[in-house]
Every structure is written in structure tokens, then in C-alpha cells.
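In: Next come a sequence and a model predicted from it.
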Amino acid sequence: MERPSGASAAAKTHALQSLGDLALFDAGVEACLVAKVALTVLDALEAPSGDARTCPELRVAAARMLKHLAQDPRGKFIVFRRDGALQILAGLLRSRTTDLRAHAAGAFMGIAIEVQAKLPVWEAAGADLVMLLRDPSPLVAENAMYAIQNACEHPVAKRAAVQIMSEKDRALVFNMQVMVNNH
């Protein structure tokens, strides 16, 4: 007898939430890295159908897991090096679900610390991250700001960012002086 997909999605969500809780600790991160959890999560998010497409709670748990793993030097490298991973995460930034946007922006914040990842992060998600600076959730906006700051340590990324950001956003993100016209 086949289980209904809702039960399967709920079980996967709870399992991933538990793994996410374990990934708050070094030993849990290590276990997740050995088990290649990041790659499995990315594969599920990328699949054209399945529970990760239809279950918002599972997508949030997946993004949370990637955010936790992206805080570890090895974890962020695994996520960054996987083909299409940055594009998958960028797609999550466009979600209507606040927690999903917050976790995806948090993952980019961690990944963009790596020197080799700065420009690719900007290219994959820069415009989306800039849009999130105006998000109604302070956590989403803050994670986006830190992700942009990390990515824009690369000079090409910073030039591109300055081109598309408003003066107010540049002042916020780069602490640039806002010029006031007093005429």
C-alpha cells in the first residue's frame, strides 16, 4: 500500500527539520557533510516535481538546512561548487514565504564569504538580494544586506551593485554618503 504524498512530505519535512536542528552543532554539521545532505537537498529542490515543489514547509526546512551548512567552510564550498545550486537558492529568494526568503538569503550570506563565490553569488542572486533590502521582514532584509556586502567585496560585483541600487540602498549597504540636494 502506497502512502499518500502528504504523509511522505510531512515525514520528509520533520526529518529535515531534525537534521537542521542537529546542524546547529559542529558534530551535526559534520554528520550532514559526510551524509551529503546538502547535495540531496539541492537535488530535491531542483526536481521538476515532488514534495519539495508542492510542500512549502519542506522547502523552508531545506532552505534552513542549506543556510546552516553554508555557515561551515566545507558546507558552503559543497553548496557553491554544485552546478545550479546558486540558481536554485536564487529562486527561493522570490518566494512569498518569509522564512524561505530569510533562509535563502542567509545561505547566500554564508556562501559569499568565500573568495571564489563572491562574484558567482552576485551574478546568480544580486538583483534579487537588492530587492529584498525592502522586504517587510527585518530578518530577510538584514540577511540580504549582509549577503550583498559579502559578495560585493569583489570589485566587479560592487560596481554592478552600485549601478542597480538606489542611493538610499547604497547608503545602507555600503555606508556611502547620501547626497542631499538643497536647491
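Out: That came through, no problem.

In: Please, which helix or strand holds residue 172?
Out: Using DSSP states H and E, residue 172 maps to helix 167-174.

In: Mind listing what's buried along that helix?
Out: 169, 170, 172, 173, 174 (16 or more other Cβ atoms under 10 Å). Quick note: C-beta positions are derived from backbone N, CA and C, even for glycine.

In: In those residues, find the pair that's most separated.
Out: 169 and 174 (8.8 Å; Cβ to Cβ).

In: can you tell me the average pLDDT over stretch 166-175?
Out: The average of the pLDDT scores along stretch 166-175 is 93.

In: got it, and stretch 124-135?
Out: 98.

In: same thing with stretch 100-119?
Out: 97.

In: If you count neighbours, what's buried in it?
Out: Taking 16+ other Cβ under 10 Å as the criterion, stretch 100-119 shows 100-114, 117-119 as buried.

In: Verify the stated contact: residue 69 with residue 79.
Out: Yes. Counting by Cβ atoms under 8 Å, residue 69 does reach residue 79; the two are 6.4 Å apart.

In: Can you check which residues contact both of those two?
Out: residue 38 (Cβ atoms under 8 Å, 6 or more residues apart in numbering).

In: Need the contact partners of the helix or strand containing residue 32.
Out: Per DSSP H and E, residue 32 falls inside helix 26-34. Helix 26-34 is contacted by residues 19, 21, 22, 23, 38, 65, 68, 69, 72, 74, 75, 78 when judged by Cβ under 8 Å, 6+ apart.

In: same thing but at 10 Å, please
Out: 18-23, 25, 37-38, 40-41, 65, 68-69, 71-72, 74-75, 77-78 (Cβ atoms under 10 Å, 6 or more residues apart in numbering).

In: Which of the residues you listed fall within helices?
Out: 18-22, 37-38, 40-41, 65, 68-69, 74-75, 77-78 (DSSP state H).

In: Check the offset of stretch 109-127 from the chain's centre.
Out: Stretch 109-127 has its C-alpha centroid displaced from the chain centroid by 10 Å (Cα atoms, centre = their mean, to the nearest Å).
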